[in-house]
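Enquirer: Got a predicted model here, sequence first, then my questions.
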Amino acid sequence: MAEKKTDKERTVEDRLKTLYKLQTVLSEIDRIKFLRGELPNEVKDLEDEIIRYQTRIQKFTDEIADQNELIARKQGEIEERRVKIARYEEQIDNVRNNREYAFLEKEKEFETLEIQLAEKNIREAHAKIEQKQADTEKARQDLADHEHTLEDKKKELEEIESETKKEAEELRLKAKDLEKEVGDDYILAAFKRIRGNARNGLGIVTVQRKACGGCFNKIPPQRQLEIKMHKKVIVCEYCGRIMIDGALVGVEEMEEPVAAKPKRLGRKSASKEA
C-alpha cells in the first residue's frame, strides 16, 4: 500500500483534486443545512422575541409597583393634611383677631388644595395601573403564543437534526481530513474565502465548453492550456473561482452544440428566394 504523500511531495495537481473532493463534501453539508431551511433562524428570532416580551412584562410590573407606591404615599399625605385641617378648625374657634383668622383660613385652604391634588394624582395612578395591567395581560398572551410556536419549531428542528446528525458529523470529519490533506494553508484560505463570497458556495469549478463552470465566461486559449497542464492554481478573472480540468476529477465536459449548416438552395429555390 502506497504511503501518504507529505506536504512537500504533494503537487498542485494533487492539491486541486483534494480541493475538488473537499468542495463535494462541503456541498453535501450545505445540502443538509438547506434541509433545515430557516428553522434555526426562526428559533433564534423566537427566543429573542420571548426575551423581549419577558422584559416588557417585567417593566410593566415595575411600573405598576411604582404607581401603587405613589398611591400609598399620596393617601398618607391626605391623612396628614386632614389632621392639619382639623387642627386649624379648632384653632379658628379660639382666634383673638382677624389677622389670625385669615392666616388659619389660608392654611386650611392650602391643605384642601393639596388634598385635591393628591386625589387627582391617585386617580391618574389608578388609570395608569389599569392600562399597564391590560398591556401586561396582552404581553402575557403574546408570550404564551410565542412560547408555543417556539416549542413546535424546536421539535421540528430536532427531528431534522436527528435524521441528519450522524451524516453531517461524518461529513464534517471528512472535510477536516481533506483540509489537512490539501497541505497548503494559503490555497485553503483562498478557497474558503472564494467559497464564502460565492452565492452557491462553490469555490472550485470545472471548465465546461471552454468556459468557467461558475460564471460561464469564456476562457482564453492560453489559460485553457494552463488549466489542462495542472501546474498551477488558475483563478477565473471574472468570478474569482478556482478552475480545474474536468478530466482530472472524472467530470466529462459538456459538448458544445453544433451549429446547423446553411441549407443549399437549388436554382429554382434560389430564384424563388430572390
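Expert: Everything's here; your move.

Enquirer: Quick one: the helices in the stretch 51-200 of the chain, in order.
Expert: 98-182, 185-197 (DSSP state H, counting those that start in this stretch).

Enquirer: The longest one vs helix 185-197, what angle?
Expert: In terms of direction (axes from the mean of the first three to the mean of the last three CA atoms, to 10 degrees), helix 98-182 departs from helix 185-197 by 130 degrees.

Enquirer: which strands and helices sit next to helix 98-182?
Expert: helix 12-36, helix 39-92, helix 185-197 (3 or more CB pairs under 8 Å, 6 or more residues apart in numbering; DSSP states H and E). Every residue, glycine included, has its C-beta placed from N, CA and C.

Enquirer: contacting residues around R195?
Expert: By CB atoms under 8 Å, 6 or more residues apart in numbering, the residues touching R195 are Q23, L26, G201, L202, G203.

Enquirer: Next one: the first one relative to K128, how far apart?
Expert: Put plainly, it is Q23. The spacing between Q23 and K128, counted by CB to CB, to the nearest Å, is 62 Å.

Enquirer: just to revisit the earlier point, can you lay out the helices of the stretch 51-200 of the chain as a markdown table showing mean pLDDT and distance to V251?
Expert: Output for the helices of the stretch 51-200 of the chain, formatted as a markdown table (pLDDT from 0 to 100; distance: least, CB to CB, whole Å):
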| stretch | mean pLDDT | distance to V251 |
| --- | --- | --- |
| helix 98-182 | 91 | 18 |
| helix 185-197 | 86 | 18 |
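
Enquirer: that older thread, min pLDDT across the contacts of R195, which one?
Expert: Lowest pLDDT within the contacts of R195 is found at G201 (83).

Enquirer: hang on, that one in a strand?
Expert: No - secondary structure of G201 (DSSP: H, G, I helix; E, B strand; the rest coil): coil, not part of a strand.

Enquirer: on that earlier part again, got the helices of the stretch 51-200 of the chain as CSV, with distance to V83 columns?
Expert: Output for these, formatted as CSV (distance: least, CB to CB, whole Å):
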stretch, distance to V83
helix 98-182, 9
helix 185-197, 77
